[in-house]
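In: sequence and predicted model, in that order:
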Amino acid sequence: MRMTQILDWRPEPGEVVEFEPAADREPVRHDVPASFFQRAHLQSSAANRAAGRRQSPWVALAFELEGRADLDALTDAWQGLARRHEAFHTWYEPDSEDLPGFRLPPDSLTVRPVRVGEFTSADDLRAHLHRRIDERTTASRLGFLAGVVRRDTTSTVYFAIDHSYTDAHSLALLFHEIRARYRAARGNTSVHLAPVPGYLDHNRRERERSASLTAAAPELAAWSEFLATGDGGFPGFPVALGNETGELLPGTRLQYPVLTSAQARAFRAYCAEQGGGFGAGAFAALALAQWEFTGNDVYRVLTAVSTRAYPRLLHVHGWLVNLAPLLFRLPASPTFAGAITAAQQGFQTARAAYDVPLHRALELLLEEGSISAIPAIPPMASYLDGRAAPGSRDYLHADATILTGPDNASGVSMWFNWLPDRADLVVSMPDTPEAAAGVPKYLDRVREIMLTASSRHQRGADR
């Protein structure tokens, strides 16, 4: 599943149909507070809207169906999905300071197809879909957009929702479930999908766990060390970004192909020989390149970790992700093999803190004086092995694509994705001349380190 900005997306023209949700009952209040990530995200989005700043607080998914889409089958698919998952019939009111929560009875929700019209220009179609995504995902009640661009040979299904209610794992689930429901509806057969818990249970548990945390709690030890190593601040990037003040600037995205499928497997095998996994190898490459560029042998970054700690959470739609502090020091006279060992140890320590909410940890450490300020969008580096996701073998054939909007950035965030056909790297950074000149040079070196390790293993296997 590739990731791209919507401004770079060029869907083929066709007939646009939206699937409009509605309910025959009024929503009721619920007492489950928003998660820490949701609260920060929704409040930031509301502040940006009030200030008239550019933002795209949504994520979207698009993929291809063969032939001219069957509207009845797709309507049935979207309605079934929206009723099954809490993320599509509960919400928080983003323009109220206390973020009150609301829910609809699932069986009150219906979906109907609405024909928008025929588009003959790819640019006009993309502009229309971009505008509709912005409109629908800023609505609090049933704030998602589902639709299809119908053509005789293929049809493009698209979906967008505020990031507060979804993550990459959820989008992968959606890709699989909508296609399964669509096939079942067309074949007049049943689709057997068990009820799933909702994300509100996760929110409730997070608040209960966080209530007893203090700045001196053992669970915050990794955070305290991470911040102390940086004198209370967050890590900078190894090259100049042209943003010395760290303010939010208009951002841009790059997508780097890193390894082919065969190269990725060889890279993973090389990392295993050093006692690490693919993720540790990726972080080791980032750290080694940093040392080569700056002489800094301590690597610090926030890394994304899943909070889906139990099997029953694997089918929940929601934003079940946290950021954890990753910290490790390269050995003397650093080599990539040694860096992998250090990175694996740091990675394991970071993942052990998966259930300490980023924003709660920073609140406590800010009160204690261990940190001077909390960045609006902290830079991060994420690793995701998406090969086992349901339907992942069909991503390439279906042109499954995660879409993001034009947004802001203060630093650099990176997403390593290992998929069935490749491993790639998506990068978000400030849209400045300095970043455009320096970031690719650093990433080229990271990729070169990974390719060299992959080749080294392949040569050893051939002997």
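Out: Good, I have the coordinates. Residues are numbered from 1 along each chain as shown.

In: in the stretch 201-350 of the chain, which spans are strands?
Out: For the stretch 201-350 of the chain, the strands defined by DSSP state E, counting those that start in this stretch cover 249-260, 298-306, 321-329.

In: what are the buried residues along the first one?
Out: Along strand 249-260, these residues count as buried under the neighbour rule (16 or more other C-beta atoms under 10 Å): Leu249, Gly251, Thr252, Arg253, Leu254, Tyr256, Val258, Leu259. Every residue, glycine included, has its C-beta placed from N, CA and C.

In: helices or strands up against it?
Out: Packed against strand 249-260, as judged by 3 or more C-beta pairs under 8 Å, 6 or more residues apart in numbering; DSSP states H and E, are the following elements: strand 2-5, strand 408-409, strand 422-430, helix 433-462.

In: nearest to Gln79, out of the strands of the stretch 201-350 of the chain?
Out: Minimum separation from Gln79 across those (C-beta to C-beta) falls at strand 321-329, 27.4 Å.

In: and the angle from the closest one to strand 298-306?
Out: Orientation check (axes from the mean of the first three to the mean of the last three C-alpha atoms, to 10 degrees): strand 321-329 against strand 298-306 gives 160 degrees.

In: quick check: mean pLDDT across strand 321-329?
Out: Average pLDDT, strand 321-329: 94.

In: list the buried residues of it.
Out: So for strand 321-329, counting by 16+ other C-beta under 10 Å, buried means Val321, Asn322, Leu323, Ala324, Pro325, Leu326, Leu327, Phe328, Arg329.

In: now the strands of the stretch 201-350 of the chain in TSV, with distance to Asp431?
Out: Formatted as TSV, these follow (distance: least, C-beta to C-beta, whole Å):
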stretch	distance to Asp431
strand 249-260	4
strand 298-306	21
strand 321-329	23
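
In: those strands: which one's closest to Gln458?
Out: Closest of the strands of the stretch 201-350 of the chain to Gln458 is strand 249-260, at 11.1 Å (criterion: C-beta to C-beta).

In: quickly run through the sheet partners of that closest one, with directions.
Out: Its sheet considered, strand 249-260 pairs with strand 408-409 (antiparallel), strand 422-430 (antiparallel) by DSSP bridges.

In: and the last one, average pLDDT?
Out: If you average the pLDDT over strand 422-430, you get 94.

In: give me the contact list for it.
Out: The contact list for strand 422-430 (C-beta atoms under 8 Å, 6 or more residues apart in numbering) reads 2-3, 241-243, 249-261, 263-264, 267, 278, 407, 409-417, 435, 439, 443, 446-447.

In: kindly report the same for stretch 304-323.
Out: For stretch 304-323, contacts defined as C-beta under 8 Å, 6+ apart pick out 35, 37-38, 41, 85-88, 163-167, 169-170, 173-174, 194, 196-199, 202, 206, 302-303, 324, 350-351, 353-358, 378, 380, 382-384.

In: now, of those residues, which are buried?
Out: Of the contacts of stretch 304-323, these count as buried by 16+ other C-beta under 10 Å: 35, 37-38, 41, 85-88, 163-167, 169-170, 173-174, 196, 198-199, 202, 206, 302-303, 324, 350, 353-354, 356-358, 378, 380, 382-384.

In: restricted to strands, list the residues you listed.
Out: Cross-referencing the buried ones among the contacts of stretch 304-323 against strands under DSSP state E gives Leu302, Thr303, Ala324, Met380, Ser382, Tyr383, Leu384.

In: low-confidence ranges, the protein, go.
Out: 372-377, 461-463 (pLDDT under 70).

In: domain-wise, how is it divided?
Out: Domain assignment for the chain by automatic domain parsing gives 2-201, 213-462.

In: all helices for the chain, in order.
Out: With DSSP state H, the ranges of helices along the chain come out as 36-51, 71-84, 122-137, 168-186, 199-211, 221-229, 261-273, 278-294, 336-352, 358-368, 395-398, 433-462.

In: quick one: which of those helices is nearest Phe102?
Out: Short answer: helix 199-211, nearest of the helices of the chain by C-beta to C-beta, at 11.3 Å.

In: extract the CA atoms of that closest one and return them as PDB.
Out: Extracted C-alpha coordinates of helix 199-211, given in PDB (Å, rounded to 0.1, in the frame of the first residue of the first chain):
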ATOM      1  CA  TYR A 199     -12.200   2.100  20.400                       C
ATOM      2  CA  LEU A 200     -14.100   3.700  23.300                       C
ATOM      3  CA  ASP A 201     -13.100   0.700  25.500                       C
ATOM      4  CA  HIS A 202      -9.500   1.400  24.600                       C
ATOM      5  CA  ASN A 203     -10.000   5.100  25.500                       C
ATOM      6  CA  ARG A 204     -11.400   4.200  28.900                       C
ATOM      7  CA  ARG A 205      -8.600   1.800  29.700                       C
ATOM      8  CA  GLU A 206      -6.000   4.400  28.700                       C
ATOM      9  CA  ARG A 207      -7.500   6.900  31.100                       C
ATOM     10  CA  GLU A 208      -7.600   4.400  33.900                       C
ATOM     11  CA  ARG A 209      -4.000   3.400  33.500                       C
ATOM     12  CA  SER A 210      -2.800   7.000  33.200                       C
ATOM     13  CA  ALA A 211      -4.600   8.200  36.300                       C
END
